[in-house]
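Enquirer: Just need the structure, nothing else, for what follows:
(2 chains)
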Amino acid sequence: MSDHHKETFITKYIFCQDHKMIAKQFLITGMLMGVIGMFMSILFRLQLSNPGESFAVLEWFLGDKWAPGGVLDPNMYLSLVTMHGTILVFWVLTAGLTGTFANYLIPLQIGARDMASGFLNMLSYWFFFGATIVMLISLFVESGPASAGWTVYPPLSALPQAISGSGLGQDLWLVGMALFIVSSLLGGLNYIVTILNLRTKGMSMSRLPLTIWALLITAIIGVLTFPVLLACALLLIFDRSFGTSFYLSDIIINGEMLHNTGGSPILFEHLFWFLGHPEVYIILLPALGLVSEVMSVNSRKPIFGYKAMVGAMMAIAFLSCIVWGHHMFVTGMDPFLGSVFTFTTLLIAIPSAVKVFNYLTTLWRGSIRFTPAMLFAIGFVSTFITGGLTGLILGDSALDINVHDTYFVVGHFHIVMGLSAIYGMFAGVYHWFPKMYGRMMNKKLGYLHFWVTFIAAYGVFFPMHFLGLAGLPRRYYTNSAFPMFDNLTDINEVITFFSIIGGLVQLLFIFNFFYSIFKGTKSEQNPWKSNTLEWTAPVERIHGNWPGEIPSVERWAYDYSKPGMDEDFVMQNVPLKEGETEH
Amino acid sequence: MAIVLNQNKTSKQLLWVGIAGIVMFFAGLTSAVIVRKAEGNWLEFQMPDWFWISTIAIISSSILLHISKRAVKNGTSPLVFLLGALALGVVFTFSQFFGWNQLVSEGVYLTGEGSNPAGSFLYVITLAHLLHLLGGLIAISVTTVNSRRGKYTAENYLGIELTSTYWHFLGVLWLYLFFFFNYL
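Expert: This is a model prediction of the structure:
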């Protein structure tokens, strides 16, 4: 018997405590923010490829104040860059990715009726929603949104008189982030406790699907590092609003000496990057988990090296907490300390290589089905390698100094973190869409979406490495004052061209998503012939997930193409046959 | 059928994971003090005497909460002890304010001309601790009301258990901060 009961519109769609609906709330909010963030990047790309030129679209969107005569205002350029980074890193790839898939998959894949605390889960979404509203409001304040970069380094971010974006916009940014952090922590608490406590009978830790392992490890590093960012932001708020000097010292503005003494902006960087680097893996690990699942299902083969995959994720998570200094090689850091951070950073290459090796060996001689989800999963491996290789250069202090704060860095992190995570997210959405909405997404549109995205994304970020090697600094409004960069204009035009193509094709995805919710072909219960427990639950949404007893688990999640079995997949709730050994 | 959860175990774990997050928050702040202090230009000053009162208050209130847990386990009413713990919590809160006053009178400021990060850190970190403690006071108030209504039995006293775990944690956290600022 289930505990399915009559729900009103409000309890079903708004203040809902059902994990599946909360997941969809996160997904759709994340998608909305994704569109906004991506659109911002196209606006500032126009300025980068055609500096000082007039575009009607800029004036139309930003108005007279921020794009007089259609030319992007320098302050607004900085704001767009800042908000693009903030939105994509936190709203799309942290909350949009983890919020969606942790909420959706954890109870369904471990065999639980819901999260440990549905109430905390609902609070987590509503804190996120509040944060979203505050961030969106900051786009419309008179002095403009925050503009000190997504890393909000003081003193720029700490002094309202320094730049127009450091006024009310920065205050709202900090409030929005504080709400966001609370949301992430509430979510993380729930994910950890749910996975540890509510697994169904037979679901030992060693039988967990890799998605769940990835989400568990993500939640652990989130709970341990987000509070440090909160501490960092708290001190910044005090500096901004109450006149303390944690990050400020000896500053003269317009000939006037400020009273602040004894503060250290480097302290901010330490605190910020103590979260900032693990954040990369908070973004990446869920994608690694989703890709493992999608890849194994669509190769019709067990994932290669299950234990190594879990171990690699743990190693990555641990190492991610002791490498933050590699963001600070040019802050006057002691070279010996720099070499320590270089060492720990380069160590991450080992578990990363283990993961890539295992993905490739999972594909090796599989009966691969190239579904859109699978293409994005393979695309993920591609970007993870390409971006990872340039990480070796940036992780080495001696090499990093040459390309620090250039487009080389922008190219690197967009590929390894941005593209990889978003491909993981797309793979997840295409793969679990039938489970979420009971209908299939259009495959042909999916293929078109993948190939255009894949080509356009490389078209945007690959050339950036050459710009960086040529010394082009990131975050500059225009480089026209430096004749040495004149011959790079063509590359910038190519990048902007591809960014527009890449942006437009995402609209296709969004169309496919919403169209399929209502008009897609109806899905069967287990369309991908997958082993995990979520596919044993009925297609229609039930609060409590399974109408009767929760299925118990008899085997691991990767019994694909097992010799001696009738079909090429065996679901986790099927008991072992007589004489059959577990993998 | 209700969703069957092992409510006791999951609630306790939720609290412990939450505590881990709070530990990291204060670890971040106190490590910032260490990093900042190493850079010099650091004001040395005495901790206010009132903070000794805070220390005694929070330890005794923890003891009272422990006794109230024992009482409910033995089937007697924990109400008096809960009220005592609550009162000591209020004493702690006031002693913090008096302590800050004492600091100001000694020329250690949070902000503005003449302030130094050494003082500002002490204010901000103790304030952050106090904000967490206000959560604890609310929790004790709720358990006191529940206890008055006879909600707790020898078999079911989860509310008191969770509250006292959180309160003990706040006490340990205070002791850590107190020794950190006094002797480091």
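Enquirer: Going by C-alpha atoms from here, please, whenever you check contacts or count neighbours.
Expert: Will do.
Enquirer: Roughly how far does B:Arg70 sit from chain A?
Expert: Using C-alpha to the nearest C-alpha, to the nearest Å, B:Arg70 is found at 27 Å from chain A.
Enquirer: Helix, strand, or coil at that residue?
Expert: helix (DSSP: H, G, I helix; E, B strand; the rest coil).
Enquirer: what's the pLDDT at it?
Expert: pLDDT for B:Arg70: 94.
Enquirer: Relative to B:Ile138, how far out is it?
Expert: B:Arg70 sits 21 Å away from B:Ile138, going by C-alpha to C-alpha, to the nearest Å.
Enquirer: which residues in chain B form helices?
Expert: Using DSSP state H, the helices of chain B run over residues B:7-37, B:50-73, B:79-105, B:117-148, B:158-183.
Enquirer: Can I get those in a markdown table including distance to B:Thr111 and mean neighbour count?
Expert: Compiled in a markdown table, the helices of chain B are given as follows (distance: least, C-alpha to C-alpha, whole Å; neighbours: other C-alpha atoms under 10 Å in any protein chain shown):
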| stretch | distance to B:Thr111 | mean neighbour count |
| --- | --- | --- |
| helix B:7-37 | 16 | 18 |
| helix B:50-73 | 21 | 20 |
| helix B:79-105 | 11 | 19 |
| helix B:117-148 | 7 | 19 |
| helix B:158-183 | 19 | 18 |
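Enquirer: Tabulate these in CSV, adding columns for distance to A:Arg541.
Expert: Output for those, formatted as CSV (distance: least, C-alpha to C-alpha, whole Å):
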stretch, distance to A:Arg541
helix B:7-37, 25
helix B:50-73, 43
helix B:79-105, 45
helix B:117-148, 36
helix B:158-183, 33
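Enquirer: wait, which of those is closest to A:Arg439?
Expert: Using C-alpha to C-alpha as the measure, helix B:7-37 is the one of the helices of chain B that comes nearest A:Arg439, at 34.7 Å.
Enquirer: From the chain's centroid, how far away is that closest one?
Expert: Chain-centre distance of helix B:7-37: 12 Å, with C-alpha atoms, centre = their mean, to the nearest Å.
Enquirer: cool, and stretch A:34-47?
Expert: Taking the mean of its C-alpha atoms, stretch A:34-47 sits 17 Å from the chain's own mean (C-alpha atoms, centre = their mean).
Enquirer: do stretch B:105-125 as well
Expert: Distance of stretch B:105-125 from its chain centroid, counting by C-alpha atoms, centre = their mean, is 22 Å.
Enquirer: Residues contacting it, please?
Expert: The contact list for stretch B:105-125 (C-alpha atoms under 8 Å, 6 or more residues apart in numbering or on different chains) reads A:235, A:242-246, A:259-263, B:26, B:29, B:33, B:37, B:42-45, B:100, B:103, B:181.
Enquirer: Tell me how many other residues crowd the nearest residue to A:Phe246 once chain neighbours are set aside.
Expert: Leaving out its chain neighbours, the residue that sits closest to A:Phe246 by C-alpha to C-alpha, 6 or more residues apart in numbering or on different chains is A:Gly263, at 4.4 Å. By other C-alpha atoms under 10 Å in any protein chain shown, the residues close to A:Gly263 number 23.
Enquirer: so A:Gly263 touches A:Leu248, yeah?
Expert: Yes. Using C-alpha atoms under 8 Å, A:Gly263 makes contact with A:Leu248 at a distance of 4.3 Å.
Enquirer: Let me see the contact set for the residue most central in space within chain A.
Expert: For chain A, A:Leu93 is the residue whose C-alpha lies nearest the centre (C-alpha atoms, centre = their mean; 2.0 Å). By C-alpha under 8 Å, 6+ apart, A:Leu93 lies in contact with A:283, A:418, A:421-422.
Enquirer: Separate out the buried members of those residues.
Expert: Buried members of the contacts of A:Leu93, counted by 16 or more other C-alpha atoms under 10 Å in any protein chain shown: A:283, A:418, A:421-422.
Enquirer: Just the buried positions in stretch A:354-374, please.
Expert: For stretch A:354-374, the neighbour count (16+ other C-alpha under 10 Å) marks A:354-356, A:358-359, A:362-363, A:366, A:368, A:371-374 as buried.
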